[in-house]
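>>> my questions concern the predicted model and sequence given below.
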Amino acid sequence: MHRLRTCAARLRPLTVSQTSQNFSQQRPASVPKTFHPVRCYTSPVAAEPFLNGTSSNYVEEMYYSWLEDPKSVHKSWDIFFRNANAGAPPGKAHQSPLSLAVLPQAQSLVGAQINVEKLVEDHLAVQSLIRAYQIRGHHVAQLDPLGIMDADLDCHIPNDIITSSDKLGEKSEPLTTEPPGGFYGLDESDLDKVFRLPTTTFIGGTESDLPLREIIRRLEMAYCQHIGVEFMFINDLDQCQWIREKFEKPGVMQFTLEEKRTLLARMVRSTRFEEFLQRKWSSEKRFGLEGCESLIPALKTIIDKSSEKGVENIVMGMPHRGRLNVLANVIRKELEQIFCQFDSKLEAADEGSGDVKYHLGMYHRRINRVTDRNITLSLMANPSHLEAVDPVVQGKTKAEQFYCGDTEGHKVMSILMHGDAAFAGQGVVYETFHLSDLPSYSTHGTVHVVVNNQIGFTTDPRMARSSPYPTDVARVVNAPIFHVNADDPEAVVYVCNVAAEWRATFHKDVVVDLVCYRRLGHNEMDEPMFTQPLMYKQIKKQKGVMQKYGEKLIAEGAVSRQEYEEEIAKYDKICEEAHVRSKDEKILHIKHWLDSPWPGFFNLDGQPKSLTCPTTGLTEEELIHIGQVASSVPVEDFTIHGGLSRILKARGEMIKNRTVDWALGEYMAFGSLLKEGIHVRLSGQDVERGTFSHRHHVLHDQNVDKRVCIPMNHVAPNQASYTVCNSSLSEYGVLGKSLSLCLSLCLSVSVSLCLSVFLCLSTMYTIYIVIKL
């Protein structure tokens, strides 16, 4: 025999036929043909050092024995021959005895490692599941009271949402193309496993671990019932955690018996008011609230909570729908003043009194019955279905905040109501949002309430917007959006409480989307069946929300049927008595519909004052002084641009020569008002410098970032403050806000409106200020 003829020979390249021939020649006849290599490797013998020298004979003998019976050799040789037979590379076939000794332990460790990996994967899957509900749970929330349309216009259920725990591992009828269980790698056997909850959820309450079945149930209760919460796009962790706690914590939506009875009373007032108007004036347009009666308790809840947080003045704006109900049951306007508006013989006593009833506003100061604090409510007049009133409300709110020194919005706030189609379609909505966090325009948070009729006049929402929701425009300013089924009054009230708390806590905008329906047409004379037959067939079958909630409380034992009927009869009597009194009203006075007291224009009885034009001339000394301020830098160690130095020097020369240009004349006009204690606000695009580099009311230090000087605020020791602020590149929005400020402040000047109008003649003695309210 040759040395290493078998094993060593295998370490040299052989064909299958050569290998078979060699082994048939060298192997005894009794040895069966069990070794048939299919692949061989080239390697020096040194790769297997124990095959060198005389040991090769010993190895060959063991090999023959192993061919006859693998158990006849040591386990290590058995593994070596098996590995070599399988084509293991030289040097890899041998395994040390140590590795064999620890093999069983290693195998058990591998198994344990697999179990640990599965455990980690399952926990990560549960965390992903929780996050999926937080991000997309609103897509499967039960928001439509009619049950015929998805509020997001998409019937698709996201793959990562498990709508019920019993479908976690269901394979036969998956909810989506890929079963949710398959998406997370979980199945029904995992439902009773306990998982540790991440710090980004509050569904556990005081518990840190929950079974998967309970995790899914609590997530469904938080995100997939009558409330849909959109907030995970907000890039502030504290704000996200705040919202999670408000909606995820077990038992948060609990109401006391007194709260339920108050809510029912408000629903009765909201519903019976519309029914009373329909009975008395069935052929009149009134743009009633039927189908969204829960708007009234929603607004009253926001007002109650805001009053509790310290707000004393609330400015509101809204379109037509529900205006009369809001005036009656939120602002608390006398009912007879509303009912007399339906009298065609009513005459206007003064100019501006003849507008239709669903355009008019109201101002009222009263005691809030929940907090027992004074609160002023103002509903702005709005001659439009749409959103023109939005920036006007914000301007009035900003003016009120300015005059009461409310720099952070703790005392004065705004509430804006919108229709769904207009909220999605009107550009001024975006412009108003875009102004919401700018330093000189912010009102420190507005609560937006969308009356989501799921229709725009006659237009289906699927044809009216490209976004899933009508409220998606609010996402641009990180405003949380709370969708709620308006046929669930308790859910509505809870959401509005959270919205008011959000505004009080973070002083940022928030949106409440009341998903409802419009029981009648666009107005009471309109026939909606022409264009939405299926929707209105369902609406005709729909039980009213007041009736449903009343029956719910009766079933719970919160009220008796007699108490429920007495509450209805009580309000009906109030309406009937007011209707009788309204017949005595023959003349319409503007004082009944003012959205502000306007003491400079109206006396305490609401009668217009006789106005006179005051003398506006100034002495030359006053004009020279203002001109000198305009041509100076009244702050020490302030470095201005060299080109600006030449402009200021030129102004000084004009003063010496007793001449003015437009910019200097404007300076003198504003400065004279400031000296008299009249606040001036200059607002618009690039107004600080002036489009043509002519104004320069704000000077910038060339060496220190954000260090500015406003010479106009250095005119006199006891002067009024001067506000000059560049706006965003908005026209419609900033126009409305500046106009509202103009009307609310003693003087507000808007470049967009050209309100900074004055007559500038050739000499300083003939400058006249024509805007001085």
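Cool, the structure landed.
>>> neighbouring contacts of the one helix or strand residue 217 maps to?
Assigned by DSSP states H and E, residue 217 falls within helix 212-223. Residues outside helix 212-223 that contact it (Cβ atoms under 8 Å, 6 or more residues apart in numbering) are 126, 129-130, 133-134, 137-138, 141, 162-165, 168, 186, 190-193, 195, 197, 203, 210, 229, 247-248, 250. Glycine gets a C-beta too; all of them are placed from N, C-alpha and C.
>>> filter these to the buried ones?
Buried members of these, counted by 16 or more other Cβ atoms under 10 Å: 126, 129-130, 133-134, 137-138, 141, 162-163, 165, 168, 186, 190-191, 195, 197, 203, 210, 229, 247-248.
>>> sorry, back to before: what residues of the helix holding residue 217 count as buried?
The neighbour-count check on helix 212-223 (16+ other Cβ under 10 Å) flags 212-216, 218-220, 222-223 as buried.
>>> can you list these in a markdown table and add distance to residue 555?
Formatted as a markdown table, these follow (distance: Cβ to Cβ, whole Å):
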| residue | distance to residue 555 |
| --- | --- |
| 212 | 33 |
| 213 | 29 |
| 214 | 27 |
| 215 | 30 |
| 216 | 28 |
| 218 | 25 |
| 219 | 28 |
| 220 | 23 |
| 222 | 25 |
| 223 | 26 |
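>>> in strands, which of the buried ones among the contacts of helix 212-223 fall?
195, 210, 229 (DSSP state E).
>>> nearest to residue 644, of the residues you listed?
Comparing those against residue 644 with Cβ to Cβ picks out residue 229 as the nearest, at 51.4 Å.
>>> contacts for the helix or strand containing residue 653 next, please.
Assessed by DSSP H and E, residue 653 sits inside helix 642-657. By Cβ under 8 Å, 6+ apart, the surrounding residues in contact with helix 642-657 are 624, 627-628, 630-633, 640, 660-661, 664, 693, 696, 699.
>>> what subset of those residues is buried?
627, 630-631, 633, 640, 660, 664, 696, 699.
>>> low-confidence ranges in the stretch 101-250 of the chain?
The stretch 101-250 of the chain contains residues with pLDDT under 70 at 101-114, 163-182.
>>> quick one on the thing from earlier: just after the helix holding residue 653, pick out the following helix or strand.
Moving toward the C-terminus from helix 642-657, the next element (DSSP H and E) is helix 662-675.
>>> report the angle between the next helix or strand after that following helix and helix 662-675.
The helix or strand immediately downstream of helix 662-675 is strand 680-684, counting by DSSP H and E. Strand 680-684 runs at 140 degrees relative to helix 662-675, counting by axes from the mean of the first three to the mean of the last three Cα atoms, to 10 degrees.
>>> just how off-centre is the following helix or strand past strand 680-684 within its chain?
Next helix or strand after strand 680-684 toward the C-terminus (DSSP H and E): strand 699-700. Strand 699-700 has its C-alpha centroid displaced from the chain centroid by 37 Å (Cα atoms, centre = their mean, to the nearest Å).
>>> sheet partners, orientation included, of strand 699-700?
With DSSP bridges as the test, strand 699-700 is paired with strand 708-709 (antiparallel).
>>> show residues contacting the strand it pairs with.
Residues from elsewhere that reach strand 708-709 (Cβ under 8 Å, 6+ apart): 633-635, 638, 698-701.
>>> what mean pLDDT does that strand have?
Here strand 708-709 scores 96 as its mean pLDDT.
>>> again, but for stretch 84-91
So the average pLDDT for stretch 84-91 ends up being 69.
>>> can you tell me which of the buried ones among the contacts of helix 642-657 is nearest residue 430?
Using Cβ to Cβ, residue 696 is the member of those that lies nearest residue 430, at 31.3 Å.
>>> so the closest one touches residue 686, yeah?
No. In terms of Cβ atoms under 8 Å, residue 696 does not count as a neighbour of residue 686; the distance is 11.5 Å.
>>> surely residue 477 is in contact with residue 435?
No. Residue 477 lies out of contact with residue 435 (Cβ under 8 Å); the separation is 9.7 Å.
>>> buried ones in stretch 559-577, by neighbour count?
With the criterion 16+ other Cβ under 10 Å, stretch 559-577 contains buried residues 559, 564, 567-568, 571-572, 575.
>>> same thing with stretch 705-712?
709-712.
>>> break this structure down into its domains, please.
116-166+182-226, 257-592, 620-771 (the TED database).
>>> now those domains in a markdown table, with distance to residue 59?
Below are the domains of the chain laid out as a markdown table (distance: least, Cβ to Cβ, whole Å):
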| stretch | distance to residue 59 |
| --- | --- |
| domain 116-166+182-226 | 41 |
| domain 257-592 | 75 |
| domain 620-771 | 83 |
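>>> so which of the ones you listed is the most packed in?
The highest mean neighbour count among these, using mean count of other Cβ atoms under 10 Å, belongs to domain 257-592: a mean of 20.
>>> report the contact partners of residue 575.
Residue 575 neighbours (Cβ under 8 Å, 6+ apart): 272-273, 276, 335.
>>> same deal with residue 733?
390-391, 428, 431-432, 434-435.
>>> so which of those sit within helices?
Among the contacts of residue 733, DSSP state H puts 390-391, 428, 431-432, 434-435 in helices.
>>> any idea how far the helix or strand harbouring residue 414 is from the chain center?
Per DSSP H and E, residue 414 falls inside strand 412-419. Chain-centre distance of strand 412-419: 15 Å, with Cα atoms, centre = their mean.
>>> tell me what the helix or strand that comes right after that strand is packed against?
Counting by DSSP H and E, the next helix or strand C-terminal to strand 412-419 is helix 420-425. If you count contacts as 3 or more Cβ pairs under 8 Å, 6 or more residues apart in numbering; DSSP states H and E, helix 420-425 packs onto strand 446-452, helix 461-464.
>>> take the buried residues of stretch 559-577 and keep only those in helices.
Using DSSP H, these in helices are 564, 567-568, 571-572, 575.
>>> between these, which is nearest residue 582?
Checking those one by one against residue 582 (Cβ to Cβ), the nearest turns out to be residue 575, at 10.2 Å.
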